[in-house]
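Peer 1: no sequence on this one, just coordinates:
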């Protein structure tokens with residue numbers, strides 16, 4: 001991921017000439033539809049909650065692994081989607097109230113910038129250090145520490161075998177899996193910075209503003225992710241039940 005930041009920094013001066021990230025995104029759904037923001041955001045919020053609950057109830061993995069993991073969304077692993085979503089919503093609200101977007105990719109870039117600056121190197125993409133960059137960098141440090149603490153408190157901080165689906169997609173051993181993880185981390189952060197946000201900044205933090213650009217990015221994230229999963233795990237759906245044993 002750090003190499004992805006440096007790769008983005010190398011092309012950053014050329015992005016306006018390429019027509020990338022040259023104009024701010026200000027078009028929102030209420031403006032296009034000419035409807036009040038509050039009514040539209042409440043309707044969409046309820047619709048999203050209904051879809052999440054239905055997706056959880058209709059999860060095919062439950063039918064393949066009956067009796068497993070039926071404790072409900074609040075009791076799954078360290079965090080469930082409901083408790084995590086509520087906490088993330090409060091953090092996003094706090095950031096938005098200060099006129100800031102909560103974003104992981106921007107936080108990684110800020111953290112790399114601080115580390116690079118300490119080594120005497122300044123990034124083109126993060127030339128100024130202020131309150132905006134310091135809290136973003138601290139966010140990334142906090143995520144790692146918080147995840148480790150959560151895993152320790154939940155008792156799940158242990159060596160977990162490779163899941164069947166991952167083993168099917170990359171069966172040749174540690175080298176191929178490490179290469180896939182390395183390439184994935186590089187592409188994720190590089191693509192997110194090129195696109196102007198990741199699933200937190202462009203999706204979770206951007207959706208409450210009803211930004212049309214955020215909707216387009218969110219649909220792209222999930223569409224490409226689902227397509228990639230189908231390609232990697234085609235014909236391996238029987239192993240979904242086996243994955244449940246690791247949860």
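Peer 2: Structure's in. What do you need? Bear in mind that the values here come from a model prediction, so they are computed numbers and not experimental data.
Peer 1: give me every residue that touches the residue nearest the centre of the chain.
Peer 2: When C-alpha atoms, centre = their mean is applied to the chain, the residue found nearest the centroid is residue 199 (3.9 Å). For residue 199, the contact set (C-beta atoms under 8 Å, 6 or more residues apart in numbering) comprises 104, 218, 221. The C-beta positions use only the backbone N, C-alpha and C, and glycine is treated the same way.
Peer 1: try 6 Å
Peer 2: Shown in contact with residue 199 (C-beta atoms under 6 Å, 6 or more residues apart in numbering): residue 221.
Peer 1: Would you mind giving me the confidence score for it?
Peer 2: Predicted confidence (pLDDT) for residue 199: 82.
Peer 1: what does the one 10 residues further on give?
Peer 2: pLDDT, residue 209: 81.
Peer 1: what separates the residue nearest to the centre of the chain from residue 206, distance-wise?
Peer 2: The gap separating residue 199 from residue 206 is 10 Å, by C-beta to C-beta, to the nearest Å.
Peer 1: Tell me, how many residues neighbour residue 84?
Peer 2: 14 (other C-beta atoms under 10 Å).
Peer 1: Would you mind listing the buried residues in whichever strand or helix holds it?
Peer 2: Using DSSP states H and E, residue 84 sits within helix 81-97. For helix 81-97, a neighbour-count test (16 or more other C-beta atoms under 10 Å) marks 82, 85, 88, 92, 95 as buried.
Peer 1: residue contacts, the fourth one?
Peer 2: The reference is to residue 92. Residue 92 neighbours (C-beta under 6 Å, 6+ apart): 102, 205.
Peer 1: now it: how far from residue 102?
Peer 2: 5 Å.
Peer 1: what is in contact with these two at once?
Peer 2: Common neighbours of residue 92 and residue 102 (criterion: C-beta under 6 Å, 6+ apart): residue 205.
Peer 1: what ranges do the strands span in this structure?
Peer 2: Read by DSSP state E, the chain holds no strands at all.
Peer 1: longest helix in it, by residue count?
Peer 2: helix 131-154 (DSSP state H).
Peer 1: Report the mean confidence score over it.
Peer 2: In this model, helix 131-154 has an average pLDDT of 87.
Peer 1: One more: stretch 32-44?
Peer 2: In this model, stretch 32-44 has an average pLDDT of 88.
Peer 1: And the contacts of it?
Peer 2: Contacts to stretch 32-44, defined as C-beta under 6 Å, 6+ apart, come from residues residue 30.
Peer 1: where in this structure is pLDDT low?
Peer 2: The chain contains residues with pLDDT under 70 at 21-26, 60-81, 156-163, 235-247.
Peer 1: which residues of it fall in helices?
Peer 2: For the chain, the helices defined by DSSP H occupy 2-11, 29-33, 37-57, 60-64, 81-97, 104-118, 131-154, 164-169, 174-195, 212-232, 240-244.
Peer 1: Quick check: which of those is buried the most?
Peer 2: Among the helices of the chain, helix 104-118 has the highest mean neighbour count (mean count of other C-beta atoms under 10 Å), at a mean of 21.
Peer 1: which strands and helices sit next to that one?
Peer 2: helix 2-11, helix 131-154, helix 174-195 (3 or more C-beta pairs under 6 Å, 6 or more residues apart in numbering; DSSP states H and E).
Peer 1: Could you point out which of the ones you listed sits nearest residue 29?
Peer 2: helix 174-195 (19.4 Å; C-beta to C-beta).
Peer 1: if I look at residue 184, how far off is residue 58?
Peer 2: Distance, residue 184 to residue 58, by C-beta to C-beta: 28 Å.
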